[in-house]
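Novice: Need coordinates for the below:
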Amino acid sequence: MRPFAVEGLRAGMHRAQAGMLLPALLVGAGAGLGAVAFRWLIEVFTRVLSGHDDYSSAGHADNPYVPWLGSYFVLLAPVVAGAVYGPLVYRYAKEARGHGVPEVMYAVARQGGRIPARVAVVKSIASALCIGGGGSVGREGPIVQVGSALGSTAGSILRMGEERMRLLVACGAAGGIAATFNAPLAGVFFAMELILRDFTARGFAFVAVSSVTAAVIGREVLGDERFLHLAPLGVEHLASYALYVLLGALAGVVGVLFTKVLYGVEDLCDAVWRGPEWLRPAAGGLLLGAILLALPEMYGVGYPVLGKAAAGGYAVGFLLVLLVGKILACSVTIGIGGSGGVFAPTLFVGSMLGSAYGQTMGRVLPGLTGSATTYAVVGMGAVFAGSARAPITAVVIIYEITGEYGVILPLMAAVAIATGVSHVLSRDTVYTAKLRRRGVDLDLTGPAAVEVRTAMGPPPAPLAPGTGLRAAVTAMIEADAGRLPVVDAHGRYAGSVGALALARALHEGRPEKEPIETVRDHPPALLAGQSLEEALPLLAASDGDGLPVLDEDGRHLLGWITHRSALAALHPPA
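Specialist: Purely as a prediction, here's the structure:
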């Protein structure tokens with residue numbers, strides 16, 4: 001290549017990279033503002049539905065707006081919230097149901113980073129209602145999905161290729177985490193480790209820009225305070241590292257157990273519920289309300305309870321009750337169709353586990369154990385690592401939300417062990433399990449990793465039943481296609497007609513008004529959810545005019561896949 005050509009190529013690459021800087025900054029700003037607005041919505045709905053700023057720390061207090069109900073108002077708060085967000089999610093954005101992060105991972109890995117813009121609005125309102133009405137879930141999953149939707153929307157407006165679109169989605173996710181936890185480093189590593197599932201210097205730079213921007217906005221509006229204010233932490237005895245290793249092993253087991261219970265309860269809810277999906281959150285809200293009546297500490301995210309447990313404010317027996325209660329309450333919230341994250345619940349469970357473990361060991365080995373608070377903090381990171389299998393994010397976020405460097409070594413040891421135990425006990429994480437249940441394996445690469453729906457284009461206008469041969473030729477010329485689909489009287493796919501078959505029929509002297517059904521054929525049809533690995537052999541054996549793509553029921557035409565569109569999906573533009 002000539003020198004001037006090389007210089008031109010380099011200049012083009014530099015311009016392309018510089019062209020990502022402003023979008024990354026804007027997405028970070030949007031994610032930061034979105035996080036602020038989302039937290040405000042949660043506060044508003046919590047105050048309206050419970051009468052308190054955070055009911056999890058209010059005990060069995062009454063709701064001052066409905067004092068005649070006493071503490072029994074918690075039976076109705078989830079029902080009222082579910083009656084609003086259930087129809088909202090069902091009608092406008094079904095992707096907003098659940099904990100959000102798997103949907104973002106799927107969009108990045110399989111859909112070129114495309115997330116509908118409406119998801120940001122619906123997810124914000126639905127999750128704020130769910131949490132404000134007592135849903136025992138976190139706010140990080142929703143804000144990750146909201147920030148990612150903003151990034152995807154920005155990429156669509158700027159007509160960016162799939163690689164950059166994915167990067168902007170990760171920028172939005174990083175910004176959401178950074179602003180939510182006041183943890184810009186954790187935002188970066190969360191996006192790289194879980195969303196992009198890849199580390200590159202260029203990707204890191206743009207994600208960091210978004211994360212810093214969002215964190216600056218969050219700090220300016222919400223204040224620059226650590227998530228947890230604790231006494232100085234550290235390891236007092238060298239031998240106590242063995243205790244942290246054992247805590248890591250227990251946390252790995254608990255992290256896997258959390259995942260199993262979460263999806264087990266969801267399966268049970270699916271099996272039991274027979275009504276319309278939009279009504280499910282309201283009906284299931286009665287069950288969630290019963291849990292909250294028995295254990296009001298499960299109301300909402302529960303950060304005050306988490307902090308009190310980390311500071312040693314509960315006895316061992318009650319800590320274990322809170323641990324089990326959070327797993328159950330979070331699982332029920334998601335199972336009934338609620339909307340919220342599972343990141344914060346794993347931190348909650350880890351705090352209960354670590355504090356109980358530290359207090360117990362303090363009684364068994366009083367001269368060796370050290371502060372139970374250190375074990376609570378380490379337990380938070382270790383349980384998250386055991387459920388999400390994101391060890392870097394786990395270490396970084398615990399450091400950022402506590403500001404305690406003295407806990408780094410035991411934290412790293414426990415997180416490493418928890419991650420290893422989780423690998424041994426389960427193939428999936430709390431995020432990938434949801435996708436694998438849909439038949440999606442994010443570890444697949446190449447054609448096996450691309451769905452037909454991603455590679456297909458819009459279908460040609462179908463021919464109606466009874467269309468004449470000459471009319472079919474005219475339609476084919478106008479569509480500039482070599483094959484057209486045929487539908488029946490109900491609009492269902494009924495085969496296709498090729499140009500060669502039409503030409504042969506007219507050449508044989510058949511009447512021009514003879515219906516196309518006489519020359520219709522049935523080439524192999526593909527389902528939108530199939531992989532390109534399955535589609536490519538059929539496409540290679542076709543006549544070159546492409547193949548129809550049908551919905552999962554195999555009745556209605558969704559798209560059309562050609563050799564060119566398949567190649568474009570395998571090698572998307574940057």
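Novice: which element is Asp224 on?
Specialist: Per DSSP states H and E, Asp224 falls between elements, in no helix or strand.
Novice: ok, and the closest non-adjacent residue to it?
Specialist: Leaving aside its chain neighbours, Asp224 sits nearest to Asn182 (6.9 Å; criterion: Cβ to Cβ, 6 or more residues apart in numbering). C-beta coordinates here come from the backbone N, C-alpha and C atoms, glycine included.
Novice: hang on, the one you found packs against Ala215?
Specialist: Yes - using Cβ atoms under 8 Å, Asn182 is in contact with Ala215, at 6.5 Å.
Novice: on that earlier part again, ok, now how distant is the residue nearest to Asp224 from Arg39?
Specialist: According to Cβ to Cβ, to the nearest Å, Asn182 and Arg39 sit 11 Å apart.
Novice: between those two, what contacts are shared?
Specialist: Leu222 (Cβ atoms under 8 Å, 6 or more residues apart in numbering).
Novice: Wait, a helix at Gly495?
Specialist: No - the assignment for Gly495 (DSSP: H, G, I helix; E, B strand; the rest coil) gives strand, which keeps it out of a helix.
Novice: Pull the number of nearby residues for it.
Specialist: 17 (other Cβ atoms under 10 Å).
Novice: which residues does it contact?
Specialist: Pro485, Val486, Arg520, Asp521, His522.
Novice: about what we covered before: phi, psi of the residue nearest to Asp224?
Specialist: Note on Asn182: backbone dihedrals following degrees, to the nearest 10 are phi 50, psi 50.
Novice: so who does it touch?
Specialist: Here Asn182 is in contact with Ala215, Gly218, Arg219, Leu222, Asp224, Glu225, Arg226, Phe227, Glu400, Ile401 (Cβ under 8 Å, 6+ apart).
Novice: same deal with Asp62?
Specialist: Gly51, Leu69, Gly70, Ser71, Phe73.
Novice: any low-confidence regions in the stretch 201-350 of the chain?
Specialist: Within the stretch 201-350 of the chain, the segments meeting pLDDT under 70 span 231-232.
Novice: give me that answer again for 90
Specialist: 201-205, 219-241, 270, 273-275, 277, 300-303, 307, 310-313, 339-341 (pLDDT under 90).
Novice: so where do the strands sit in it?
Specialist: Shown for the stretch 201-350 of the chain, no strands are assigned by DSSP state E, counting those that start in this stretch.
Novice: just the chain next, same as before
Specialist: In the chain, the strands defined using DSSP state E lie at 483-487, 493-498, 526-527, 547-550, 557-561.
Novice: Which of those sits closest to Leu328?
Specialist: strand 526-527 (37.3 Å; Cβ to Cβ).
Novice: I figured Ala154 hits Leu26, correct?
Specialist: Yes - under the criterion of Cβ under 8 Å, Ala154 makes contact with Leu26 at 6.5 Å.
Novice: where do the helices sit along the stretch 101-250 of the chain?
Specialist: 101-110, 118-132, 140-157, 162-181, 184-190, 201-222, 241-272 (DSSP state H, counting those that start in this stretch).
Novice: Check which residues of the third one are buried.
Specialist: Buried residues in helix 140-157, counting neighbours by 16 or more other Cβ atoms under 10 Å, are found at 140-156.
Novice: before we move on, the earlier item: and which of the contacts of Gly495 is nearest Val378?
Specialist: Out of the contacts of Gly495, the member with the shortest distance to Val378 (by Cβ to Cβ) is Pro485, at 59.8 Å.
Novice: neighbours around Gly300, how many?
Specialist: 31.
Novice: which ones are touching it?
Specialist: Listed by Cβ under 8 Å, 6+ apart, the contact partners of Gly300 are Ile42, Thr46, Asp54, Tyr55, Ser56, Ile131, Gly132, Gly134, Gly135, Ser136.
Novice: at 6 Å what do you get?
Specialist: By Cβ atoms under 6 Å, 6 or more residues apart in numbering, Gly300 lies in contact with Ser56, Ile131.
Novice: now it: how far from Glu225?
Specialist: Distance from Gly300 to Glu225, by Cβ to Cβ: 19 Å.
Novice: What of Gly495?
Specialist: Relative to Glu225, and taking Cβ to Cβ, Gly495 is found at 65 Å.
Novice: now do Lys513
Specialist: Counting by Cβ to Cβ, the separation of Lys513 from Glu225 is 79 Å.
Novice: Out of the contacts of Asn182, grab the one that's most surrounded.
Specialist: Result: Ala215 is most packed of these (other Cβ under 10 Å), 29 neighbours.
Novice: Would you confirm that that residue contacts Pro184?
Specialist: Yes - contact criterion Cβ atoms under 6 Å: Ala215 and Pro184 qualify, at 4.0 Å.
Novice: what sits in contact with each of the two?
Specialist: Common contact partners of Ala215 and Pro184 (Cβ under 6 Å, 6+ apart): Ala178.
Novice: picking up where we left off before, adding distance to Gly284, write the strands of the chain out as a markdown table.
Specialist: Converted to a markdown table, the strands of the chain look like this (distance: least, Cβ to Cβ, whole Å):
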| stretch | distance to Gly284 |
| --- | --- |
| strand 483-487 | 40 |
| strand 493-498 | 37 |
| strand 526-527 | 32 |
| strand 547-550 | 34 |
| strand 557-561 | 32 |
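Novice: Quick one: closest of those to Ala455.
Specialist: strand 557-561 (5.6 Å).
Novice: Just give the number of residues close to His490.
Specialist: Neighbours of His490 under the rule other Cβ under 10 Å: 9.
Novice: before we move on, what about His556?
Specialist: His556: 13 neighbours (other Cβ under 10 Å).
Novice: One more: Glu508?
Specialist: 7.
Novice: give me phi/psi at it?
Specialist: Dihedral angles (degrees, to the nearest 10) for Glu508: phi -80, psi 0.
Novice: repeat for Tyr299
Specialist: Backbone torsions for Tyr299, taken as degrees, to the nearest 10, come to phi -70, psi 120.
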